[in-house]
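Undergrad: My questions concern the predicted model and sequence given below.
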Amino acid sequence: MGILLTRRTRVIVQGITGREGSFHTKLMLEYGTRIIAGTSPGKKGQTVHGVPVYNTVGEIVREHGEVDASIIFVPARFAPDAVYEAVDNGVKLVVVITEGIPLHDELRFINYARRKGVVVVGPNTPGLMTPGEAKLGIMPSHVFAPGGIGIVSRSGTLTYEVARELSKHGLGVSTVVGLGGDPVTGLDFIEVYKMFSEDSLTKAVVVIGEIGGDAEERFSKYYASLPVKKPVVAYIAGRTAPPGKRMGHAGAIISMGIGDYSSKRRALEEAGVPVAETPSQIPFLLGES
Amino acid sequence: MKLFEYESKEIARRYGVQTPRGVVVSSPEEAAKVAEEFGSVVLKSQVLVGGRGLAGGILKAENPGDAYEKARELLGKVIKGERVEKLLVEEKICISREYYVSITVDRATRQITYLVSSMGGVEIEELARKYPEKIRRMSVDPSIGYSPYMGREAAVFMEVPWSLSNQVDQVLSAMYKIMVDYDAELVEFNPLALTCDNRLVALDAKIIIDDNSLFKHPELQALYGRGLTAYEKKAKELGFNYVELDGDIGVISNGAGLTMATMDAILYYGGRPANFLDIGGGAGRERVKEAVKLLLTHPKVKTLLVNIFGGITRCDEVAHGVLEALTETGVSKPVVVRMLGTNEEEGRRILAEKGIIVYSEMDEAVKKIVEYSRGG
């Protein structure tokens, strides 16, 4: 099963003719993702790796019927518009790969989408993937084997590192969800954990957090309050990060006394979530839990 | 991007927020002249680092001669690594109370949020730790914006005399407008002071602009990169995410999370990272070369760890990049490479010829570099 995405999910790619959009359309198709069409204003009639291109999402819906999910590769200053276009055309899952979108624009489109019942993954995310089913993202698929571990992460390459460690120990992944590296994201750890807890394939969950904000602390509080729970193992990046400095991700910054490593680790451990010292320890902690 | 206090106050004044009268100076003579006009003054170092007050960056002067001496003391002083180039010289004003007000983005609720408190003049970190009950949060829906009841609510919570609640309304409303108009992450007045003649005045002001929004504000874009060290500036020009730390092991990795995890693993195995350098996606030969060169020539870097987890990265390209950097700089510092991706064997062979070991496991590579850094 997995969450959010299966091979039947009808997907469109917004910004399909760009370098990234076209390259990853190819990789997603090869993985089995059901891409029905793409958009690129002014490029109607072209095809990208056999996928028809349209000027608008509305055209796609009229020609091909309902769309379940969209993945957005549009440059930062046009990405908010692309999100509104998807939401207003009834798309229920929107994955925003784009990095560098203005914070206030993100606030507006995330609030708008959530109010309309639309799930936004990202922005600034590697996307999501249900191994063996489909990929709606840019992660290297070969490091993710199918299996029973759900992964929810604020990071990209670090997630691939963890997935590789899991594979080495014969552990596969039910679904991997990249929340995104920005201060404000469409989904948080609590929401994705809830989805995993209702998924029959997922037996345990790996939470990959980092410094900045209090998403990990909020998750800990929620998790501690649950009467019945699936095992969770965590890793938090940024133990060595100094306060007030942005560590690559817009959201990875300790500011106004919030978001340091020790607070996150303490909260998770108090909630009964073991925290790995290095990514390589995660499979062992999963084995113990 | 942080703005200087005087820049933040200029913006605040444009939105109707009162501030003390002040002049920006860069010489003791100018400071003395301002004191001639204002009488008692406060000289405030204009730096971007926090905690300048405790670091001795703010001094008072009673007369022009005094102001001259104090300005000479402050100008050129280094506060937490940052050199003081300018002072804001302000009139000293009589105040009866200090409040805290700020507006920021609340990640949890995905809303814009005010933080207000009756205890101003204390850093918010300390306030939150010691007196969380003294802070009031108020969320603003970004699709609706500020509503005047918030000003009344804040006035009541901060115990501002009710006759002045309209001034609180003006300040809070201005803060919201600044937040949105300037694409700010933070607008903070701390303290917002009640003067002896019953005015609310922003004694200090801090505005942080969202870096991702700078393209909308060309006038601010030119200011980008202030407060960075020479290496941080160079790294920024090369398009790397780079932060300096205290240790001696240089770190190059791809992706923010993996770069932090690499630094953390160094600490875990007993070493100390010298920096955070995220080379970004699609690390080709040129970018690897530039990154390695930057760190090899850094005096604090004694050994260097390159950790590239490539989905589509070509390892032979990474290997060539590392070798070219070593050749071009002529620096011989121990280098350890960990890489995964396509053409791994070829990359391994290229580096082995020059005596550089390539690991495929991160832990092994980290242990090795820590061993090297200890002189092993």
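TA: Looks like it came in fine.
Undergrad: Test my guess that B:Ala71 contacts B:Leu88.
TA: No - applying C-beta atoms under 8 Å as the test, B:Ala71 and B:Leu88 come out as separate, 11.1 Å apart. No exception for glycine: its C-beta is placed from N, CA and C like everyone else's.
Undergrad: so what sits against both of the two?
TA: Counting by C-beta atoms under 8 Å, 6 or more residues apart in numbering or on different chains, the common neighbours of B:Ala71 and B:Leu88 are B:Leu43.
Undergrad: Name the residue of the stretch 101-250 of chain B with the shortest distance to chain A.
TA: Relative to chain A, the nearest point of the stretch 101-250 of chain B is B:Glu125 (3.2 Å; C-beta to the nearest C-beta).
Undergrad: any idea which element that residue lies in?
TA: Here B:Glu125, judged by DSSP states H and E, is contained in helix B:124-130.
Undergrad: Let me see the mean pLDDT of the next helix or strand after that helix.
TA: Going down the chain from helix B:124-130, the next helix or strand is strand B:135-140, by DSSP H and E. Across strand B:135-140, pLDDT averages out at 94.
Undergrad: does chain A sit close to strand B:135-140?
TA: No - using C-beta under 8 Å from any C-beta of the partner chain, strand B:135-140 stays clear of chain A, coming no nearer than 10.3 Å.
Undergrad: tell me what that strand is packed against?
TA: strand B:95-106, strand B:111-117, helix B:124-130, helix B:149-158 (3 or more C-beta pairs under 8 Å, 6 or more residues apart in numbering or on different chains; DSSP states H and E).
Undergrad: by how many degrees do the second one and strand B:95-106 diverge?
TA: Meaning strand B:111-117. 160 degrees (axes from the mean of the first three to the mean of the last three C-alpha atoms, to 10 degrees).
Undergrad: tally of neighbours for residue 131?
TA: Chain wasn't specified; assuming chain A. Number of residues near A:Pro131 (other C-beta atoms under 10 Å in any protein chain shown) recorded here: 21.
Undergrad: actually chain B
TA: 13.
Undergrad: May I have the residues that are in contact with the residue nearest to it when sequence neighbours are not counted?
TA: Excluding its sequence neighbours, the residue lying closest to B:Tyr131 (C-beta to C-beta, 6 or more residues apart in numbering or on different chains) is B:Met119, at 6.3 Å. B:Met119 sits next to B:98-100, B:127, B:131, B:134 when contact means C-beta under 8 Å, 6+ apart.
Undergrad: now the helices for the chain?
TA: No chain in the question, so chain A it is. A:19-31, A:57-64, A:79-88, A:103-115, A:157-168, A:189-197, A:215-224, A:261-270, A:282-288 (DSSP state H).
Undergrad: wait, I meant chain B there
TA: Counting by DSSP H, the helices of chain B are B:5-14, B:28-38, B:64-74, B:124-130, B:149-158, B:165-181, B:218-221, B:230-237, B:256-268, B:285-296, B:315-329, B:344-353, B:362-373.
Undergrad: which outside residues touch the third one?
TA: Residues from elsewhere that reach helix B:64-74, judged by C-beta under 8 Å, 6+ apart: B:25, B:27-36, B:41, B:43, B:45, B:57, B:59-61, B:84, B:87, B:89.
Undergrad: what's the spacing between B:Lys368 and chain A?
TA: As judged by C-beta to the nearest C-beta, to the nearest Å, B:Lys368 and chain A stand 15 Å apart.
Undergrad: So A:Ala86 sits against A:Leu93, correct?
TA: No - if you go by C-beta under 8 Å, A:Ala86 and A:Leu93 don't touch, sitting 9.1 Å apart.
Undergrad: So those two - more neighbours on which side?
TA: Neighbour totals were compared for A:Ala86 and A:Leu93, and A:Ala86 leads with 28 against 22 (other C-beta under 10 Å).
Undergrad: For A:Val74, see how far away the more buried one is.
TA: Distance, A:Ala86 to A:Val74, by C-beta to C-beta, to the nearest Å: 10 Å.
Undergrad: what comes up buried for the helix holding B:Glu125?
TA: Applying a neighbour-count criterion of 16 or more other C-beta atoms under 10 Å in any protein chain shown, the buried positions in helix B:124-130 are B:124, B:127-128.
Undergrad: Ok, stretch B:225-233 next?
TA: B:228, B:231-232.
Undergrad: Excluding chain neighbours, what is closest to B:Glu364?
TA: Using C-beta to C-beta, 6+ apart and skipping residues adjacent in sequence, the residue nearest B:Glu364 is B:Arg338, 7.6 Å away.
Undergrad: That neighbour and B:Ile356 touch, don't they?
TA: No - look at B:Arg338 against B:Ile356 with C-beta under 8 Å: they stay out of range, at 11.1 Å.
Undergrad: list the contacts for the nearest residue to B:Arg272 once chain neighbours are set aside?
TA: Computed as C-beta to C-beta, 6+ apart, the closest residue to B:Arg272 that is not its neighbour in sequence is B:Gly247, at 2.7 Å. If you count contacts by C-beta under 8 Å, 6+ apart, B:Gly247 has them with B:266, B:271-274, B:300.
Undergrad: go again using 6 Å as the cut-off
TA: Going by C-beta atoms under 6 Å, 6 or more residues apart in numbering or on different chains, B:Gly247 touches B:272-274.
Undergrad: List the beta-bridge partners for B:Pro273.
TA: For B:Pro273, the beta-bridge assignment (DSSP bridges) gives partners B:Ile249.
Undergrad: and the most centrally placed residue in chain A, what is it in contact with?
TA: Centroid-nearest residue in chain A, with C-alpha atoms, centre = their mean: A:Gly178, separated by 2.4 Å. A:Gly178 sits next to A:125-127, A:153 when contact means C-beta under 6 Å, 6+ apart.
Undergrad: now those residues in TSV, with pLDDT, distance to chain B and neighbour count?
TA: Formatted as TSV, the contacts of A:Gly178 follow (pLDDT from 0 to 100; distance: C-beta to the nearest C-beta, whole Å; neighbours: other C-beta atoms under 10 Å in any protein chain shown):
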residue	pLDDT	distance to chain B	neighbour count
A:Thr125	96	12	29
A:Pro126	95	9	28
A:Gly127	97	12	24
A:Ser153	98	8	28
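Undergrad: For those, work out which two are farthest apart.
TA: A:Gly127 and A:Ser153 (11.1 Å; C-beta to C-beta).
Undergrad: Residues of the stretch 251-376 of chain B that sit close to chain A?
TA: Residues of the stretch 251-376 of chain B lying close to chain A by C-beta under 6 Å from any C-beta of the partner chain are B:254-258, B:260-261, B:263-265, B:267-268, B:273, B:276, B:278, B:309, B:311, B:363.
Undergrad: again, only this time at 7 Å
TA: Within the stretch 251-376 of chain B, the positions near chain A by C-beta under 7 Å from any C-beta of the partner chain are B:254-261, B:263-265, B:267-268, B:273, B:276, B:278, B:309, B:311-312, B:362-363.
Undergrad: Which ChimeraX command selects the buried ones in the residues you listed?
TA: This is the ChimeraX syntax for the buried subset of these, where burial follows 16+ other C-beta under 10 Å:
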select /B:254,255,256,257,258,259,260,261,263,264,265,267,268,273,276,278,309,311,362,363
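Undergrad: Domain parsing of chain A, as residue ranges.
TA: Domain ranges of chain A: A:11-121, A:139-288, per automatic domain parsing.
Undergrad: got the end-to-end distance for the longest one?
TA: With C-alpha to C-alpha, to the nearest Å applied, domain A:139-288 spans 28 Å between its terminal residues.
Undergrad: A:Gly257: neighbour count?
TA: 15.
Undergrad: Then the one 10 residues further on?
TA: Counted with other C-beta under 10 Å, residues neighbouring A:Ala267 total 22.
Undergrad: and what of B:Leu245?
TA: Neighbours of B:Leu245 under the rule other C-beta under 10 Å: 19.
Undergrad: Report whether the expected contact of it with B:Pro273 is present.
TA: Yes - using C-beta atoms under 7 Å, B:Leu245 is in contact with B:Pro273, at 5.4 Å.
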